[in-house]
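>>> Need the 3D shape of this:
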Amino acid sequence: MSDALIIIPTYNEKENIERILRTIFSLEKMFHVLVVDDGSPDGTAEIVKNLQKEITWGALHLEERTGKLGLGTAYIHGFKWALKKEYEYIFEMDADFSHDPNDLIRLYNANAENGGELAVGSRYVSGVNIINWPMSRLLMSFFASKYVKLITGMPVHDSTAGFKCYKRKVLETINLNEIQFVGYAFQIEMKFKSWKYGFKIIEVPVVFTDRTDGTSKMSGGIFLEAVFGVIQMKIKSLFRSWKK
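Numbering: from 1, shown residues only. Predicted coordinates:
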């Protein structure tokens, strides 16, 4: 039994899913993985099922949902599943190798050894570490994080990062049923609530490499949700208690 679970949401990731899973299972530390698939028509879930026949030590799990229900709801589904299974460290990770699997151990150690409670794989804590993004997208992401920091006061350089490791107690404290956003702003909301509750956030510098296989799920509408959602989130935060 591993103490760490990696949640990987998927939609049409047949080009990447087997390779990312094999890479994770080859690491020095044993991780378990939960793939949350939103009814991928390309057969992503079938690839995972075939791998489950090979990964016989119970490290690979699959939850299938019907239809594209959004990134945030996929992670919340995974969080609730992980809490029921009593994992201590719970990760968010993309399937497309934009997040380097070798950094999983660094995120784990930031919490397990260095006192963190939310470890964030940060693209901006030590400069700008992004490969293969067009300049327009890079600038949008970079200034989105600056904007979030300005509006919320949250001391996080990469507020939109989706490569993270939570300690169990963070997810137990946040009311997952009250999470408002399902797209890009979901990542901001989870960090903001973790910070407001007083949990220690450690940013671990990582290099983000844009996908080479498959299709990106990013859109301009997702960014707009984040821009307007941050203001709404900040205002609401002023009228509630943040006691653990």
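
>>> Dead centre of this protein: give me the residue that sits there.
Centroid-nearest residue in the chain: residue 92, 3.0 Å away (criterion: C-alpha atoms, centre = their mean).

>>> Show the contacting residues for it.
Residues in contact with residue 92 (C-beta atoms under 8 Å, 6 or more residues apart in numbering) are 7, 75, 162, 163, 164. For every residue, glycine as well, the C-beta is placed using N, CA and C.

>>> With residue 229 instead?
Applying C-beta under 8 Å, 6+ apart, the residues near residue 229 are 180, 181, 185, 188, 189.

>>> circling back to that earlier point, who's the residue nearest to the centre of the chain bridged to?
Using DSSP bridges, the bridge partners assigned to residue 92 are residue 7, residue 164.

>>> same thing with residue 119?
residue 165, residue 202.

>>> I'd assumed residue 164 was in contact with it.
Yes: the pair residue 119 / residue 164 is scored as a contact, 6.5 Å apart, by C-beta atoms under 8 Å.

>>> so residue 77 touches residue 36, yeah?
Yes: with contact defined as C-beta under 8 Å, residue 77 counts as touching residue 36 (5.6 Å).

>>> What segments of this protein are helices?
Using DSSP state H, the helices assigned to the chain run over residues 17-25, 44-54, 71-84, 104-112, 135-152, 168-173, 185-196, 220-237.

>>> Format those as CSV; extra columns: distance to residue 63.
Output for those, formatted as CSV (distance: least, C-beta to C-beta, whole Å):
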stretch, distance to residue 63
helix 17-25, 14
helix 44-54, 9
helix 71-84, 6
helix 104-112, 20
helix 135-152, 29
helix 168-173, 16
helix 185-196, 18
helix 220-237, 23
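
>>> Comparing the ones you listed, which yields the minimum mean pLDDT?
When these are compared on average pLDDT, helix 220-237 comes out lowest at a mean of 79.

>>> what angle sits between it and helix 185-196?
Here helix 220-237 points in a direction 30 degrees away from that of helix 185-196 (axes from the mean of the first three to the mean of the last three C-alpha atoms, to 10 degrees).

>>> quick revisit: indicate which one of the helices of the chain is closest to residue 205.
helix 104-112 (9.0 Å; C-beta to C-beta).

>>> Any buried residues in the closest one, and which?
Across helix 104-112, burial judged by 16 or more other C-beta atoms under 10 Å covers 104, 107, 108, 109, 110, 111, 112.

>>> nearest to residue 175, of those residues?
Distances from residue 175 to the buried residues of helix 104-112, taken by C-beta to C-beta, are shortest for residue 111, at 21.4 Å.

>>> For the closest one, which residues are in contact?
89, 117, 118, 119, 165, 167, 202.

>>> what residues are up against the residue lying closest to residue 79 once chain neighbours are set aside?
For residue 79, ignoring the flanking residues on the chain, the nearest one in space by C-beta to C-beta, 6 or more residues apart in numbering is residue 171 at 5.1 Å. Residue 171 sits next to 79, 82, 83, 90 when contact means C-beta under 8 Å, 6+ apart.

>>> Pull up the gap between residue 171 and residue 91, please.
Distance of residue 171 to residue 91, computed by C-beta to C-beta, to the nearest Å: 11 Å.

>>> same deal with residue 47?
Counting by C-beta to C-beta, the gap from residue 47 to residue 91 is 20 Å.

>>> Can I get the buried part of the contacts of residue 92 as one ChimeraX selection?
Provided next is the ChimeraX selection string for whichever of the contacts of residue 92 are buried by 16+ other C-beta under 10 Å:
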select :7,75,162,163,164
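
>>> mind putting the contacts of residue 92 in CSV, distance to residue 208 included?
CSV is the format used below for those (distance: C-beta to C-beta, whole Å):
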residue, distance to residue 208
7, 18
75, 18
162, 9
163, 8
164, 13
